[in-house]
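Peer 1: Here is the input, now give the coordinates:
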Amino acid sequence: MISVITGDIISSRKGETRIWIKQLKDELNSFGKNPSDWEIFGGDSFELRVNDPLNALLTAFRIKAAMKLLKPLDVRMAIGIGEITYRSRKISECNGSAFIYSGERLKTLKNEKLKIAVKSNWPDFDKIINLCLKLGMIAMDRWSVVSAETVLLALSKPDTSQEDLGKKLKIKQNTVSVRFKRAHFEDIMEINDLYQSELRKLV
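Peer 2: Here you go, the predicted model:
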């Protein structure tokens, strides 16, 4: 079982392409290799394979934080959890339920005014997690550039203390704490904890 994140960049035409595409590529490169693990297609869409579904939601949060650094850009993502039944050296040529679920869910997000959602073979799991994500997006969609910067660094280096994060960001530790509160970082991590605990029961 794997997960696939299919996404598209929101307001891509309002940003400078060479800047946001480099930001996106840098982030995707931290999760795998192109084109076997990720590809960008259609100008502003992408697909990423996450081999361990338990890591998929945090991966999506990292990508969102990375793109929120480039105001007014944002990203819309669907996480498909399922099987891979056909493998290829290019992710765009792979197939299986994880790919189908991700692609199908992305098509519905815009009309539902959602930014992140999951789809799997377990409707009850999807319902719970997607409700949490819908509420979590209230905070995440409002991330400022500095909030996104702090969240991205914290997610990229999960074992780093607030004091060390402050040193990397060249700010005081208490400023890191304030940024976390404004970003509702602990609440968002609780959504991920619930996602992982519920998914472990199923896989």
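
Peer 1: Going by residue numbers, what spans are strands in the protein?
Peer 2: 2-10, 38-41, 45-50, 74-82, 116-119 (DSSP state E).

Peer 1: how about TSV for these, with mean neighbour count added?
Peer 2: Yep, even glycine has a C-beta here, placed from its N, CA and C like the rest. Output for the strands of the chain, formatted as TSV (neighbours: other C-beta atoms under 10 Å):
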stretch	mean neighbour count
strand 2-10	23
strand 38-41	18
strand 45-50	22
strand 74-82	24
strand 116-119	25
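
Peer 1: Need those strands in JSON lines (columns: mean pLDDT and distance to I188).
Peer 2: Output for the strands of the chain, formatted as JSON lines (pLDDT from 0 to 100; distance: least, C-beta to C-beta, whole Å):
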{"stretch": "strand 2-10", "mean pLDDT": "97", "distance to I188": "17"}
{"stretch": "strand 38-41", "mean pLDDT": "97", "distance to I188": "23"}
{"stretch": "strand 45-50", "mean pLDDT": "98", "distance to I188": "18"}
{"stretch": "strand 74-82", "mean pLDDT": "98", "distance to I188": "15"}
{"stretch": "strand 116-119", "mean pLDDT": "98", "distance to I188": "11"}
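
Peer 1: Can I get those strands in TSV including distance to D141?
Peer 2: Listed next are the strands of the chain as TSV, based on distance: least, C-beta to C-beta, whole Å:
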stretch	distance to D141
strand 2-10	10
strand 38-41	23
strand 45-50	20
strand 74-82	7
strand 116-119	10
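
Peer 1: for those strands, which one sits closest to S161?
Peer 2: strand 45-50 (26.6 Å; C-beta to C-beta).

Peer 1: tell me what that closest one is packed against?
Peer 2: When contacts are defined as 3 or more C-beta pairs under 8 Å, 6 or more residues apart in numbering; DSSP states H and E, strand 45-50 packs onto strand 2-10, helix 17-29, strand 38-41, helix 56-68.

Peer 1: Quick check: neighbours of the shortest one in the sheet, parallel or antiparallel?
Peer 2: With DSSP bridges as the test, strand 38-41 is paired with strand 45-50 (antiparallel).

Peer 1: Same question for the first one.
Peer 2: Within its sheet, and counting by DSSP bridges, strand 2-10 is paired with strand 45-50 (antiparallel), strand 74-82 (antiparallel).

Peer 1: need these in a markdown table with distance to K107, can you?
Peer 2: Shown next, in a markdown table, are the strands paired with strand 2-10 (distance: least, C-beta to C-beta, whole Å):
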| stretch | distance to K107 |
| --- | --- |
| strand 45-50 | 11 |
| strand 74-82 | 8 |
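
Peer 1: what about the chain, any weak spots by pLDDT?
Peer 2: By pLDDT under 70, the chain contains no weakly predicted segment.

Peer 1: which residue sits farthest out from the middle of it?
Peer 2: What lies farthest from the middle of the chain is K172; by C-alpha atoms, centre = their mean that is 27.5 Å.

Peer 1: For the nearest residue to that one once chain neighbours are set aside, give me its contacts.
Peer 2: Leaving aside its chain neighbours, K172 sits nearest to G166 (5.7 Å; criterion: C-beta to C-beta, 6 or more residues apart in numbering). Contacts for G166 (C-beta atoms under 8 Å, 6 or more residues apart in numbering) come out as K172, Q173, T175, V176.
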